[in-house]
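Trainee: fold the following and give me the result.
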Amino acid sequence: TEGPYVSIGGSSGMGIHPASKDIVVVENDEVTRISPDGVYLGQWSTNGAGNSLEGVVVVGDVGYIADKDGKKIHKAVIPGPEVTVSSEPKAMATDGTKLYVVTEGRPKDRILVLDTSGNMVNSFDSPGNNTNGLTYHDGYLYALLNELHPNFGVMPVSIIKISSTTGEVIDDWEIRTTSG
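Mentor: The predicted structure is shown next:
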């Protein structure tokens, strides 16, 4: 099963990006960036930093990478993930004055907030990258996620309660069948 997730084997160092909370992993001569929920965001070769990277610390957007064989600490910019957003709507909700439209995006879907004339007044990341439903109730948005994992297949369906103004996750629930 194809999916947006990655599993890293044999990595020898890991750090956390302080702003995004993304996980930065080093292995041999490559640096990989993964979202906190396991979505692959990108991988880069360190070209010339050696083939024995052993650790990484991230300060701002700069990574300090330990090179075991070269006995050096390399300083490198850790690039952000490539962001794509389509204009194809996947789900929609309204509060009576604004429209909330989910569009396809990577690494996460995007929620566009539109006035009733169709002008965008705000936008924020959806809590996942396979958001198939959206509804508004009592000041909050509820997003229906149908995520996939390459090793485990279809993950349990989740409903995520989010702020209708910032996209901040307030609560979440997994929907399970009677068999588990």
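Trainee: where are the low-confidence patches of the chain?
Mentor: 1-11, 47-51, 80-85, 148-154, 177-180 (pLDDT under 70).
Trainee: biggest strand in it by residues?
Mentor: If you go by DSSP state E, the chain has its longest strand at strand 84-94.
Trainee: tell me which other helices or strands that one touches.
Mentor: On a contact count with 3 or more CB pairs under 8 Å, 6 or more residues apart in numbering; DSSP states H and E, strand 84-94 meets strand 98-106, strand 131-137, strand 140-145. Using the backbone N, CA and C atoms, a C-beta is placed for each residue, glycine as well.
Trainee: columns distance to residue 25 and mean neighbour count on top of those, output as CSV?
Mentor: Formatted as CSV, these follow (distance: least, CB to CB, whole Å; neighbours: other CB atoms under 10 Å):
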stretch, distance to residue 25, mean neighbour count
strand 98-106, 19, 19
strand 131-137, 26, 17
strand 140-145, 24, 21
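Trainee: closest one to residue 12 among the ones you listed?
Mentor: Ranking the helices and strands packed on strand 84-94 by proximity to residue 12 (CB to CB) places strand 98-106 first, at 27.4 Å.
Trainee: might you report the residue contacts of residue 17?
Mentor: Each residue near residue 17 by CB atoms under 8 Å, 6 or more residues apart in numbering is listed here: 23-24, 33, 58, 61, 78.
Trainee: in PyMOL, how would I select the buried members of those?
Mentor: Entered in PyMOL, the line below selects the buried ones among the contacts of residue 17, by 16 or more other CB atoms under 10 Å:
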select buried, resi 23+24+33+58+78
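Trainee: which one of the contacts of residue 17 sits closest to residue 125?
Mentor: residue 33 (15.8 Å).
Trainee: then the host helix or strand of that closest one to CSV, C-alphas only?
Mentor: Element membership for residue 33, per DSSP states H and E: strand 30-34. C-alpha atoms of strand 30-34 as CSV (Å, rounded to 0.1, in the frame of the first residue of the first chain):
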residue,chain,number,x,y,z
GLU,A,30,21.5,11.5,4.2
VAL,A,31,19.3,13.8,6.3
THR,A,32,15.5,12.9,6.4
ARG,A,33,12.7,15.1,7.7
ILE,A,34,9.5,13.5,9.0
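Trainee: right, and the helix or strand after that strand?
Mentor: Assigned by DSSP H and E, the successor of strand 30-34 is strand 40-45.
Trainee: remind me what that following strand packs against, helices and strands.
Mentor: Under the contact definition 3+ CB pairs under 8 Å, 6+ apart, strand 40-45 sits against strand 30-34.
Trainee: contacts for the strand it packs on?
Mentor: For strand 30-34, contacts defined as CB under 8 Å, 6+ apart pick out 6, 8, 11, 17, 22-26, 40-46, 53, 56, 63, 65, 76, 78-81.
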